[in-house]
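> Next comes the sequence, and after it the predicted model I'd like to discuss.
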Amino acid sequence: MIGNAIGVLFDGVAYGSLLFIIAVGLSVTLGLMNFVNLAHGTFAMIGGYVCVVLMSNAGVPFLATLPVAFVAAALAGLVLERLLYQRLYKASPLDQVLFSIGLVFMSIAIFTYYFGASQQPVSLPSYLRGQVHVAGLDLGIYRLFLIAIVALLTFALQYLLDRTRFGSQVRASVDNATAAAGLGINVNRVFALTFALGSGLAGLGGGLGIDVLGLDPTFPLKYMVYFLLVVAVGGSGTIKGPLVAALILGIFDVSGKYYFPQIGGFVIYALMVVLLIIFPAGLYGRRA
Amino acid sequence: MIKLIGRTLVAGAFAALSFAALAQDTIKVGVIAAFSGPFADYGSQIEAGMKAYMKQHGDTVAGKKVELITRDTKGPAPETAKRFAQELITRDHVQFLAGFGLTPNAMAVAPVVSEAKVPMVISNAATSSITTKSPYITRVSMTIPQIAEPLAQWALKNGIKQVYTVVADYGPGIDAETQFTKTFKEGGGQIVGSVRTPLQNPDFSAATQRVKDAKPQAVFVFLPAGQQGISFMKSFNERGLADAGIKLIATGDITDDHVLEAMGEPTLGMITAFHYSSAHKSPENEAFLKAYAAANDPKVGAPNFMAAAGYDTMHVIYEVAKKLNGNIDGDKAMAAIKGMKWTSPRGPVEIDPETRDIDQTVYIRKVEKVNGKLANVEFDKIPDVKDPGKK
């Protein structure tokens, strides 16, 4: 019984890690830059397809495709930011929503045209499959791998935003673009790079997520709720917020489905409502 | 008022229809299905199967040219499907309606074909009751109970007495669970537990862990093809359920031939019941596969049961046209369809004269590697299965 509870907790943390991985990029673009970027999933999808194409057509090993997925999605983000997104920074949230949802539908059509509507095949290398037995528990190797990636990502992002010059430039530009520009910060460049970072993280998440979430052209729409859930509950402007939110949601979702399967699918949404009532700005929200 | 005028116009158009149809030298088939959106594969598979038939048998029958007119419902959209059906009948004067990947769309069109007396051939939608909604509906695909019943019987015959059921929480999932549970219990089996998972469910760790805890002999699964099936299989393997001696049995849509390659090795050894496998060994199936490859862009992908149903849809239409010398009349067409027998790529089939639903062999298959590719290899069969939903 206790063993089961620990097993469920582990699965919950692993699921939470996955939620965090696919949503962390959004906590950069939406959370830091305040841009309601519903097209987050599009960048994740770009990363995913880069992984799949490299693996199945060029025989590149899975782990080596992940950095490429990051770079490809970041580049796509950079181009779109310069061409389109930057024109809407000052626009109302509704305009941003309409613009980015339009982008989602366009990306779905484009990917369907080139890759077809079906699921893309992916198989993980054998050293990431199966389970290891630790102290009487069966732990999925890929789940352990996801948890490790999340620990690394959190640390790296936290360091980047809190301790580096680039991080302070980002925070300054977001808080007051005019003042930041007056101090000699190239606000446009900072925004472009930040957006590219968020998109790159989305691409990385897309690549890491294929094994669990699958990959087809409707990906950006199918998982949009999950990205938004994590960032909304976590609160904008931090990395810690979405991490805690993702872990809480993951643990409650898995244990809800395990102990009360009849209402299992409902738990995650009920929890979101409760958390948002208690913390309207999110768990670690900076702005009320 | 406007609605009333509209109705009158539609009714008038229906009345004029039979004359219009006689005067035509083409046979027009309206194909209503999803060609974009999450169910885009449904439409493209059905159409690809229809094209394969026309490639093989030529595009003229009884001296008339056959023309397909496709309409994209983009997904479950009953109102849209109904409007398309009305437009196709009144404006394009189609003599047949076909396609219908999804139940709600088929249901919505039923009253339209009843009124217009246009034969409607269901190429996929699998809810048992559809054919009872109009005397002008026939089906060449299958129903979910038709697959679930023989699977339960096969499991019992092969010493499986305790089963855990896992189904997606939506209409077809519940149909599958209900029929399987009924047949399995009647045969002396025991359902040790059941769980319904949400339709959008990226993570099956909780469900598979529950199954593992209950230690049944087998788990019966019904999930929509594609991502859900893949996720479940991965979770099933990762958690070592097979090593714990738990067999996985399912209806064949989970190892759909179209997505089987994408699902990959986790599917190896999976036992499913279904009416069609592209690995079926028969000259009819070989001819179908050849015509499919010749008629379609390789991007359409590997053919599955929906493509085979599209092929059979055209067979029914061609046979009716031959019998009626190209002069299609709704009532005569339905009379010709009832009791029609032929050898389909899937094996011998017959349209049941009572229910207008298809009677066919259900095969038990196992996923194996054949020439380096994954395939559903048939190893047992239950012949002449009628839809138990109408018994």
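Cool, the structure landed. Numbers count the residues shown, from 1 in each chain, chains lettered A, B, ... in the order given.
> so what's the closest residue to chain A within the stretch 251-391 of chain B closest to, chain neighbours aside?
Taking Cβ to the nearest Cβ, chain A has its nearest neighbour within the stretch 251-391 of chain B at B:A262, 4.0 Å off. To be clear about C-beta, it is placed using only N, CA and C from the backbone, and glycine gets the same treatment. Excluding the flanking residues, the one nearest B:A262 by Cβ to Cβ, 6 or more residues apart in numbering or on different chains is A:P121, at 4.0 Å.
> Which strands or helices does the host helix or strand of A:S56 pack on?
Assessed by DSSP states H and E, A:S56 sits inside helix A:40-58. Other helices and strands packing on helix A:40-58, by 3 or more Cβ pairs under 8 Å, 6 or more residues apart in numbering or on different chains; DSSP states H and E, are helix A:2-26, helix A:62-83, helix A:93-115, helix A:187-213, helix A:219-222, helix A:224-234.
> now, of the ones you listed, which is deepest in the fold?
The highest mean neighbour count among the helices and strands packed on helix A:40-58, using mean count of other Cβ atoms under 10 Å in any protein chain shown, belongs to helix A:187-213: a mean of 25.
> Do you have the helices of the stretch 201-350 of chain B handy? List them.
B:205-214, B:227-238, B:260-263, B:283-295, B:305-323, B:330-337 (DSSP state H, counting those that start in this stretch).
> Could you tell me the angle between the direction of the strand or helix carrying B:L68 and that of helix B:305-323?
Using DSSP H and E, B:L68 maps to strand B:64-72. Taking axes from the mean of the first three to the mean of the last three Cα atoms, to 10 degrees, one finds strand B:64-72 and helix B:305-323 inclined to each other by 140 degrees.
> Disregarding flanking residues, what is the spatial nearest neighbour of the residue of the stretch 51-200 of chain B found nearest chain A?
In the stretch 51-200 of chain B, the residue that lies nearest chain A is B:P198 (3.2 Å; Cβ to the nearest Cβ). Leaving aside its sequence neighbours, B:P198 sits nearest to A:G265 (Cβ to Cβ, 6+ apart; 3.2 Å).
> Please verify my assumption that B:M270 contacts B:K247.
No. Look at B:M270 against B:K247 with Cβ atoms under 8 Å: they stay out of range, at 9.2 Å.
> More neighbours: these two, which one.
Between B:M270 and B:K247, B:M270 has the larger neighbour count (other Cβ atoms under 10 Å in any protein chain shown), namely 26 against 18.
> Quick one: residues contacting the more buried one.
B:M233, B:L248, B:A250, B:I254, B:T255, B:K366, B:V367 (Cβ atoms under 8 Å, 6 or more residues apart in numbering or on different chains).
> ok, 10 Å please
B:221, B:229, B:233, B:236, B:242, B:247-250, B:252, B:254-255, B:260, B:263, B:365-368, B:374, B:376 (Cβ atoms under 10 Å, 6 or more residues apart in numbering or on different chains).
> Could you report the distance from it to B:P172?
Distance, B:M270 to B:P172, by Cβ to Cβ, to the nearest Å: 19 Å.
> again, but for A:V174
With Cβ to Cβ as the criterion, A:V174 and B:P172 are 48 Å apart.
> for B:S129, same thing?
Taken as Cβ to Cβ, the span from B:S129 to B:P172 is 12 Å.
> who touches both of those two?
Common neighbours of B:S129 and B:P172 (Cβ under 10 Å, 6+ apart) are B:T103, B:T143.
> ok, back up a step: helix, strand, or coil at the residue nearest to B:A262?
The three-state label given to A:P121 by DSSP: H, G, I helix; E, B strand; the rest coil is coil.
> For it, grab the count of nearby residues.
Residues lying near A:P121 (other Cβ under 10 Å) number 17.
> Equivalent analysis for B:G63, please.
9.
> re the thing from before, name the residue in B:S129 and B:P172 with the higher neighbour count.
Comparing B:S129 with B:P172 by neighbour count (other Cβ under 10 Å), the higher total belongs to B:P172, at 21 against 13.
> A:G182: neighbour count?
10.
> list the contacts for it?
A:N176.
> Over to B:T255?
Contacts of B:T255 by Cβ under 10 Å, 6+ apart are B:225, B:229, B:233, B:263, B:267, B:270-272, B:274, B:277, B:304, B:365-367, B:374-376.
> Nearest to chain B, out of the helices and strands packed on helix A:40-58?
When these are compared by Cβ to the nearest Cβ, helix A:2-26 sits nearest chain B, at 4.1 Å.
> Show me which residues of the stretch 101-250 of chain B are close to chain A?
B:166, B:169, B:193-210, B:212-213, B:225-231, B:234-235, B:237-240, B:243 (Cβ under 10 Å from any Cβ of the partner chain).
> Regarding A:Q158, what is its secondary structure?
Applying three-state DSSP: A:Q158 is helix.
> I'd say it and A:K240 touch.
Yes. Between A:Q158 and A:K240 there is a contact at 7.3 Å, judged by Cβ atoms under 10 Å.
> Can you name the residues of the stretch 151-288 of chain A that neighbour chain B?
A:209, A:211-219, A:221-223, A:225-226, A:250, A:253-262, A:264-266, A:268.
> For A:G16, give me the pLDDT.
A:G16 carries a pLDDT value of 91.
> Relative to B:E186, how far out is it?
Distance from A:G16 to B:E186, by Cβ to Cβ: 43 Å.
> what bits of chain A have low per-residue confidence?
Per-residue confidence for chain A (pLDDT under 70) gives these ranges: A:1-3, A:135-136, A:285-288.
> residues in contact with the residue of the stretch 1-150 of chain B found nearest chain A?
Using Cβ to the nearest Cβ, the single residue of the stretch 1-150 of chain B nearest to chain A is B:A40, 3.8 Å away. Neighbouring residues of B:A40 by Cβ under 10 Å, 6+ apart: A:108, A:112, A:116-118, A:216-218, B:33-34, B:72, B:74-75, B:101.
> Can you point out the buried residues in stretch B:238-251?
B:E238, B:R239, B:G240, B:L241, B:I246, B:K247, B:L248, B:I249, B:A250, B:T251 (16 or more other Cβ atoms under 10 Å in any protein chain shown).
> can I get those in a markdown table with pLDDT?
Shown next, in a markdown table, are these (pLDDT from 0 to 100):
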| residue | pLDDT |
| --- | --- |
| B:E238 | 80 |
| B:R239 | 82 |
| B:G240 | 82 |
| B:L241 | 86 |
| B:I246 | 91 |
| B:K247 | 90 |
| B:L248 | 91 |
| B:I249 | 92 |
| B:A250 | 92 |
| B:T251 | 91 |
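> Alright, that wraps it up for me.
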